[in-house]
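Asks: Quick one: sequence and predicted model below, then my questions.
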Amino acid sequence: MKITQNIAPVVTPSRFERKIALQWKEEVVARLPANAVIIEVDMAGTQSIDSSGLAALAGLIELLAKRNGVVRLLNPTPVVTRLIEATSLHRACEIARGAASLPSTPQRPILVVDDELAIHIVAMACLKPLGREIIFAENGVEGLKMALDTDPTVIVLDYAMPLMNGNEMFNRLKKVERTRHIPVIVVSGNSWLAGGDQPKFEGASGFMAKPFSPAALRGEVHQLIQEHERALPDNRSRTVTFS
């Protein structure tokens, strides 16, 4: 049977391991167009892969085989190449080098707005596994400009900051069409605010008390990314990617 060129482009995470690999596969399958007979998997940024990552790829290969289609691994890194060859997985798919057949959409960054360097360090460590660029602002003025310039997928916003506090920045975000739909997680050392009963931040997607659990922040941000980008009316973030 001749394969038509109905290609679904996806991107694997930098750490293609454990539960995230299963989540990635489920998301790819859920979004896979009914007419897609080629899944083109861009692996240029994948620096590590384990048995879960291999299982995710094997699952896609099996699914596409039922459609008389193929999985094409595009630009796999050396560590990926060695492992798929060692397990003979390369025999069940195509390996290709070069540009993707369909343009993928750049991932939108995560914006952290906080004047504490310690929070920047913790946020970088706990959010980096999501595979997104993490950008930082030290006050509301800078944060508002970065939100307008970069269109972040989620904003982590501190309440108490110099020049422009979190409440003012939040209100300005909600008044601008371009930024009003961006999910915002408000963090604060004040328990009354972190509890979420704060009318000044009506419409915020979440509240967290400082010091926060890195795992809890990562989980909250990851969930918001998935919910927000599924709901986008345009194609800004339709390429599936996890990390």
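Replies: That came through, no problem.

Asks: So which residues of this protein form helices?
Replies: Assigned by DSSP state H, the helices in the chain fall at 18-31, 51-66, 78-86, 117-127, 140-150, 166-175, 191-194, 214-230.

Asks: Comparing those helices by mean pLDDT, which bottoms out?
Replies: Among these, helix 191-194 has the lowest mean pLDDT, at a mean of 59.

Asks: hmm, back to that, so which of the helices of the chain is nearest F207?
Replies: Distances from F207 to each of the helices of the chain were compared by CB to CB, and the smallest falls on helix 191-194, at 5.1 Å. Backbone N, C-alpha and C define where each C-beta goes, glycine included.

Asks: Pull up the gap between K210 and L217, please.
Replies: With distances taken as CB to CB, to the nearest Å, K210 is found 11 Å from L217.

Asks: Sorry, wrong one. I was asking about T77.
Replies: 28 Å.

Asks: hang on, V80 packs against T46?
Replies: Yes: judged on CB atoms under 8 Å, V80 makes contact with T46 at a distance of 5.5 Å.

Asks: re the thing from before, can the helices of the chain go into TSV with extra columns for distance to V37 and mean neighbour count?
Replies: Converted to TSV, the helices of the chain look like this (distance: least, CB to CB, whole Å; neighbours: other CB atoms under 10 Å):
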stretch	distance to V37	mean neighbour count
helix 18-31	14	16
helix 51-66	7	17
helix 78-86	21	15
helix 117-127	36	16
helix 140-150	36	18
helix 166-175	42	19
helix 191-194	49	15
helix 214-230	24	16
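
Asks: so which of the ones you listed comes closest to I7?
Replies: helix 51-66 (11.3 Å).

Asks: Just list what the closest one packs against, helices and strands only.
Replies: For helix 51-66, the packing partners by 3 or more CB pairs under 8 Å, 6 or more residues apart in numbering; DSSP states H and E come out as strand 15-16, helix 18-31, strand 38-42, strand 70-74, helix 78-86.

Asks: So what's the gap between it and the chain middle?
Replies: Distance, stretch centre to chain centre, for helix 51-66: 21 Å (CA atoms, centre = their mean, to the nearest Å).

Asks: For it, give me every contacting residue.
Replies: With CB atoms under 8 Å, 6 or more residues apart in numbering as the contact definition, helix 51-66 has outside contacts at 12, 16-19, 21-22, 24-25, 28-29, 32, 37-39, 41, 46, 70-71, 73, 83-84, 87, 89, 92-93.

Asks: again, only this time at 6 Å
Replies: 16-18, 21, 24-25, 39, 70-71, 92-93 (CB atoms under 6 Å, 6 or more residues apart in numbering).

Asks: Grab the two from the residues you listed that are most spread out in space.
Replies: Longest distance between any two of the contacts of helix 51-66 is 26.3 Å, between R18 and V70; criterion CB to CB.

Asks: Using JSON lines, lay out the helices and strands packed on helix 51-66 together with distance to E116.
Replies: As requested, the helices and strands packed on helix 51-66 are exported to JSON lines (distance: least, CB to CB, whole Å):
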{"stretch": "strand 15-16", "distance to E116": "27"}
{"stretch": "helix 18-31", "distance to E116": "28"}
{"stretch": "strand 38-42", "distance to E116": "36"}
{"stretch": "strand 70-74", "distance to E116": "40"}
{"stretch": "helix 78-86", "distance to E116": "36"}
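
Asks: Among the contacts of helix 51-66, which one sits closest to K128?
Replies: Checking the contacts of helix 51-66 against K128 by CB to CB gives E17 as the nearest, at 13.9 Å.
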